[in-house]
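A.B. asks: Test case, fold it:
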Amino acid sequence: MPQKVKNEPYTPSQGDIKQILQEVQGTPYEVPITLVCYGMRRSEICALQPSDINGDMVHINKALVLDENKNWVVKTTKTTESTRDIIIPIEAAEKIKKQGYVYKGHPGCINTHLERAERKLGIPHFSLHKLRHYFASEMSALGVPEADILKMGGWETDHVMKSVYRHSMIEKEEKAKREVAEKFQKTIFS
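C.D. replies: The predicted model follows:
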């Protein structure tokens, strides 16, 4: 019998991310896709309110999920570690404040729009969730300590991050968080 080959899903490159972000610019999906690139889960983005943002600091403390009756409801974050503060590009924060919301559509439409952009750009398909993988990888490549990457992404244990994302995250002080976020922002928007 031939040896089984593990099917590894495509992980986007920095170039892919830049193209996607340019493609979604000015659409209702610009803010949510940008926020996923900063380690947020789709459920956290869909529950996020402008009042959760102070300058470029986002306080993540809730998620939009399906309940047992298949109704969308806002609940607390997935784990206590998922409740966290992160830094986002000031441009995204200002856009949210100006429009008065983060995202108004159905959560699944974010995924659908990403898939359309991938097809249009000729980029191999990857899921929205792969942008969290990309985030963890980039943070690791920037030399962010594993414990800090864990905190920034809201991962509960390093086991999850190492086995699923193969990296870790977050800064202990706001100043350190800001420096990392600025480095990451430059890789995407320059």
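
A.B. asks: residues in contact with residue 63?
C.D. replies: For residue 63, the contacting residues are 41, 43-44, 46-47, 74-78, 82, by CB atoms under 8 Å, 6 or more residues apart in numbering. Placement of C-beta: from N, CA and C, glycine included.

A.B. asks: Can I get those residues in JSON lines including neighbour count and secondary structure?
C.D. replies: Compiled in JSON lines, the contacts of residue 63 are given as follows (neighbours: other CB atoms under 10 Å; DSSP: H, G, I helix; E, B strand; the rest coil):
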{"residue": "41", "neighbour count": "22", "secondary structure": "coil"}
{"residue": "43", "neighbour count": "20", "secondary structure": "helix"}
{"residue": "44", "neighbour count": "26", "secondary structure": "helix"}
{"residue": "46", "neighbour count": "22", "secondary structure": "helix"}
{"residue": "47", "neighbour count": "24", "secondary structure": "helix"}
{"residue": "74", "neighbour count": "12", "secondary structure": "strand"}
{"residue": "75", "neighbour count": "12", "secondary structure": "strand"}
{"residue": "76", "neighbour count": "13", "secondary structure": "strand"}
{"residue": "77", "neighbour count": "18", "secondary structure": "coil"}
{"residue": "78", "neighbour count": "16", "secondary structure": "coil"}
{"residue": "82", "neighbour count": "20", "secondary structure": "helix"}
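
A.B. asks: Skip the chain neighbours and tell me the closest residue to the residue nearest to the spatial centre of the chain.
C.D. replies: When the chain is reduced to its mean C-alpha position, the closest residue under CA atoms, centre = their mean turns out to be residue 36, at 2.0 Å. The spatially closest residue to residue 36, leaving aside those adjacent along the chain, is residue 131, at 4.2 Å (CB to CB, 6 or more residues apart in numbering).

A.B. asks: Okay then, goodbye and thanks.
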